[in-house]
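Trainee: mind looking at a prediction? Sequence and model below.
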Amino acid sequence: MRLIFIRHGDPDYANDNLTEKGKKEVELLTKRVSAWKDITQIYVSPMGRAKATAAPSLEKLGMRATECEWLQEFYYHTTYPKNIKDKSKAGKSTMCWDLMPEYFLSDKKFFDKDKWTKSNFMKGGNIAEKYRMVCDGIDGILAEYGYIRNKKGFYDVVNPVPNHNWYEPVEKYHLKSVKDDYPKEQTLVFFCHLGVMFVIIAHFVGMSPMQLWQGFFVAPTSITVVNSEERLKDQAFFRVERLGDTNHLTNGGEPISSSGYFADVFSE
């Protein structure tokens, strides 16, 4: 199974829509997405900027998207604890991952996959419940396609497609892709946001989303591809194949937006 996550175009946050630049980005994105074959289903965030990004592709493909409330941006607020070093922030509300390095590096729990929601900071906004909502949302969709998350952190596959890697000798890392024989692999496309996408990826690979939120960036209209590796029968692990691909922008001569990033984006 292939999962493709698309971040919305350059945002007009004030109006939950796209800027003029974002609309240009979406034009190039649409040419790319509408050429994809055998898309199984498309899912979209309920937020305006994600819907505006998805709409032209849906029209070109002649498809309808399933709207998922939990795919909205992970913009939930919490409050700084009273024991914070900077007392001017004590008790004040803030978005749960818009933090300065001195603070997000001060608590080791932030980077523990089992403890990050249990930090005093995250408990101030019931972030654990919001995190579980996203995890349950993506797992619910995968379960519909026969991928059931187990207590060990990977997925049991109900109806596995025969895979050469189960029984043929493997020479180093050169595994034969199941796609060689089965081109119509199930492909799910999600039009959403940077924050919630990183929550989902962290859930897949077994890490705290704080590491992704603070250490990685994906640009507006970028494409992230996650594949299920099924090296053993009845078992799957979702692995990131491509992160933040913006080839459609580069090839179309459109500069990459730095929205959500606090430095200059590399341009060629």
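Mentor: Alright, I've got the coordinates. Predicted model, so just to flag it, every value in this text is computed and none were measured.
Trainee: would you map the strands across this protein?
Mentor: 2-7, 11-12, 17-18, 41-44, 65-67, 77-79, 93-95, 147-149, 155-157, 187-192, 223-229, 235-245 (DSSP state E).
Trainee: what pairs with the second one, parallel or antiparallel?
Mentor: Note on strand 11-12: by DSSP bridges, its sheet partners are strand 17-18 (antiparallel).
Trainee: ok, Phe111 - contacts?
Mentor: Phe111 is in contact with Ser208, Met210, Gln211, counting by CB atoms under 8 Å, 6 or more residues apart in numbering. C-beta coordinates here come from the backbone N, C-alpha and C atoms, glycine included.
Trainee: could you report the pLDDT at it?
Mentor: We have a pLDDT of 96 for Phe111.
Trainee: please apply the same query to Val178.
Mentor: 53.
Trainee: go ahead and confirm Asn17 touches Lys51.
Mentor: No. Using CB atoms under 8 Å, Asn17 is not in contact with Lys51, being 9.2 Å away.
Trainee: which residues are in contact with each of the two?
Mentor: Counting by CB under 8 Å, 6+ apart, no residue touches both Asn17 and Lys51.
Trainee: just the helices in the stretch 101-250 of the chain please.
Mentor: 101-104, 120-123, 127-144, 194-205, 209-215, 247-251 (DSSP state H, counting those that start in this stretch).
Trainee: and these as a markdown table, adding distance to Val226 and mean pLDDT?
Mentor: Putting the helices of the stretch 101-250 of the chain into a markdown table (distance: least, CB to CB, whole Å; pLDDT from 0 to 100) gives the following:
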| stretch | distance to Val226 | mean pLDDT |
| --- | --- | --- |
| helix 101-104 | 25 | 94 |
| helix 120-123 | 25 | 95 |
| helix 127-144 | 10 | 98 |
| helix 194-205 | 7 | 98 |
| helix 209-215 | 13 | 97 |
| helix 247-251 | 17 | 97 |
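Trainee: which among those is found nearest to Thr40?
Mentor: helix 127-144 (10.5 Å; CB to CB).
Trainee: list the helices and strands the closest one packs on?
Mentor: strand 147-149, helix 194-205 (3 or more CB pairs under 8 Å, 6 or more residues apart in numbering; DSSP states H and E).
Trainee: what's that helix in contact with?
Mentor: Against helix 127-144 from outside (CB under 8 Å, 6+ apart): 1, 43, 68, 70-71, 74, 76, 78, 96, 117-118, 122, 148-149, 155, 188, 196, 199-200, 203, 209.
Trainee: next one: stretch 244-260
Mentor: 10-11, 21-22, 24-25, 28-29, 31-32, 194, 216-225, 264-268.
Trainee: how does it look with 10 Å?
Mentor: Here stretch 244-260 makes contact (CB atoms under 10 Å, 6 or more residues apart in numbering) with 4-11, 13, 19, 21-22, 24-25, 27-33, 193-195, 197, 216-225, 264-268.
Trainee: now it, how far from the centre of its chain.
Mentor: The chain centre lies 17 Å from the centre of stretch 244-260; the measure is CA atoms, centre = their mean, to the nearest Å.
Trainee: is it correct that Val205 is in contact with Arg239?
Mentor: Yes. Counting by CB atoms under 10 Å, Arg239 is a contact partner of Val205 at 7.4 Å.
Trainee: shared neighbours, those two?
Mentor: Val226.
Trainee: so those two - more neighbours on which side?
Mentor: Of the pair Val205 and Arg239, Val205 is the one with more neighbours under other CB atoms under 10 Å, namely 16 against 13.
Trainee: so what's the more buried one up against?
Mentor: Contact partners of Val205, counting by CB under 10 Å, 6+ apart, are Lys113, Gly153, Gln211, Leu212, Val226, Phe237, Phe238, Arg239, Val240.
Trainee: ok, back up a step: the helices of the stretch 101-250 of the chain: which one's closest to Asn165?
Mentor: Evaluated with CB to CB, the helices of the stretch 101-250 of the chain place helix 194-205 nearest to Asn165, the distance being 19.5 Å.
Trainee: that concludes my questions; thank you for your assistance.
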